[in-house]
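Engineer: Could you work out the structure for the sequence below:
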Amino acid sequence: LLNQSTQGLFVPGSIFKMVTSLAYLRSGGDPDNYSYYCDGSISLQSDSGDSYIKCYDGEEHGQVDLLESFAESCNASFANLGLSISVDKMNEVANSLLFNQTLPTKFTTAKSQFSLSNTDSQWQIGATAIGQGNTVISPIHAAMLVSAIANGGTLMKPYLVDSVTNYKGAVISSTKPEKYAELMTAKEASMLKDYMSSVTKYGTAASAMSGTSYTTAGKTGTAEYSSDKNKDHSWFIGMSNVDDPDLVVSVVIEAADGNAKAVNVARKVFDAYY
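Structural biologist: This next block holds a predicted model:
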């Protein structure tokens with residue numbers, strides 16, 4: 001009887017990279033001058049010695065800037081990026097985006113969780129930066145974050161009922177949209193929207209979102225949650241009609257076998273709407 005959309009908590013995987021990108025920006029990082037050479041993995045110090053964080057299927061992305069790292073979902077680059085951000089800043093940004101907080105809803109939701117300590121190893125910090133580690137998020141929370149980006153940084157309070165009518169169709173009551181908070185500046189939201197647009201234009205979601213009559217922006221994610229390497233959570237979060245967004249979607253397929261992909265589900269939702 002658990003509503004997975006609002007009360008389920010899932011490892012976010014690479015959809016968390018939008019949080020890491022924002023933390024990098026807020027820590028004074030220069031996204032225009034960031035550069036990293038990816039050879040498919042990065043070696044980091046862990047509690048048990050050197051450990052590797054690998055890109056999906058060990059793909060080598062070569063020389064990438066921040067935009068390309070985001071578009072191609074380069075784990076090695078984002079693990080490297082995470083090491084340049086203080087642990088305190090990562091916690092501050094995560095909390096400002098409602099991790100470890102009660103979401104502003106009238107329906108029951110689970111608290112998304114984020115934790116990182118100054119005593120954590122390089123590997124733990126790198127893993128957290130790519131959405132692994134001890135981080136979990138609910139699908140509704142992920143949708144709210146994309147909604148804030150779509151709204152230029154403003155998060156509106158989610159609601160379920162638009163209006164109530166009587167048997168004759170007359171409106172008895174209606175819900176008025178209500179602002180909750182500015183989760184980010186308009187400049188930050190615009191940067192993240194551009195990065196998410198790159199994902200659907202030429203990045204990891206390009207093939208699934210090609211040939212549409214509408215524009216899209218989003219982020220894919222493949223989240224490891226167990227020792228079974230053949231099953232991961234497949235994520236896609238995104239928006240449509242990017243300049244003046246119509247829809248925001250948050251899709252997670254639990255225990256995906258590699259064939260079922262969340263981005264394909266999102267494409268069908270967008271297509272059905274338009």
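Engineer: Spell out, range by range, the strands that occur in the stretch 51-200 of the chain.
Structural biologist: For the stretch 51-200 of the chain, the strands defined by DSSP state E, counting those that start in this stretch occupy 62-64, 154-156, 163-165, 171-174, 179-182.
Engineer: Give me whichever of the ones you listed is most buried.
Structural biologist: strand 154-156 (a mean of 18; mean count of other C-beta atoms under 10 Å). C-beta coordinates here come from the backbone N, C-alpha and C atoms, glycine included.
Engineer: List the neighbouring strands of it plus their orientation.
Structural biologist: Strands that pair with strand 154-156, judged by DSSP bridges, come out as strand 179-182 (antiparallel).
Engineer: gap between the partner strand and the chain center?
Structural biologist: When distances are taken as C-alpha atoms, centre = their mean, to the nearest Å, strand 179-182 is centred 19 Å away from the chain's centroid.
Engineer: So what touches it?
Structural biologist: Outside strand 179-182, the residues within contact range by C-beta atoms under 8 Å, 6 or more residues apart in numbering are 104, 153, 154, 155, 156, 157.
Engineer: Make sure residue 223 is actually in contact with residue 231.
Structural biologist: No - with contact defined as C-beta atoms under 8 Å, residue 223 does not count as touching residue 231 (10.5 Å).
Engineer: out of those two, which sits in the busier spot?
Structural biologist: The neighbour comparison of residue 223 against residue 231 (other C-beta atoms under 10 Å) goes to residue 223, with 24 against 15.
Engineer: Find the nearest non-adjacent residue to residue 162, please.
Structural biologist: Closest residue to residue 162 apart from its sequence neighbours, by C-beta to C-beta, 6 or more residues apart in numbering: residue 175 at 5.8 Å.
Engineer: Who are the contact partners of that neighbour?
Structural biologist: By C-beta under 8 Å, 6+ apart, the contact list for residue 175 reads 159, 161, 162, 163.
Engineer: Out of these, grab the one that's most surrounded.
Structural biologist: Using other C-beta under 10 Å as the neighbour criterion, residue 159 leads these with 13 neighbours.
Engineer: And the nearest residue to that one once chain neighbours are set aside, how far from residue 109?
Structural biologist: Leaving out its chain neighbours, the residue that sits closest to residue 159 by C-beta to C-beta, 6+ apart is residue 175, at 4.9 Å. Distance, residue 175 to residue 109, using C-beta to C-beta, to the nearest Å: 18 Å.
Engineer: now swap in residue 102 and tell me
Structural biologist: Using C-beta to C-beta, residue 102 is found at 8 Å from residue 109.
Engineer: Who has more neighbours out of those two?
Structural biologist: residue 109 (21 against 9).
Engineer: pretty sure the more buried one contacts residue 143?
Structural biologist: No - Residue 109 is beyond contact range of residue 143, at 11.2 Å (criterion: C-beta under 8 Å).
Engineer: okay, the residue nearest to residue 162: pLDDT?
Structural biologist: On pLDDT, residue 175 comes in at 95.
Engineer: ok, how many other residues are close to residue 74?
Structural biologist: 28.
Engineer: same question, the one 5 residues further on
Structural biologist: With neighbours defined by other C-beta under 10 Å, the count for residue 79 comes to 28.
Engineer: Which residue, neighbours along the chain excluded, lies closest to it?
Structural biologist: Leaving aside its sequence neighbours, residue 79 sits nearest to residue 126 (C-beta to C-beta, 6+ apart; 3.2 Å).
Engineer: Repeat that for residue 165.
Structural biologist: residue 171 (5.5 Å).
Engineer: contacts for the helix or strand bottoming out on mean pLDDT in the chain?
Structural biologist: The least trusted helix or strand in the chain, going by mean pLDDT, DSSP states H and E, turns out to be strand 49-54, with a mean of 92. With C-beta under 8 Å, 6+ apart as the test, strand 49-54 has contacts from 40-45, 75-76, 79, 123, 126-127, 130.
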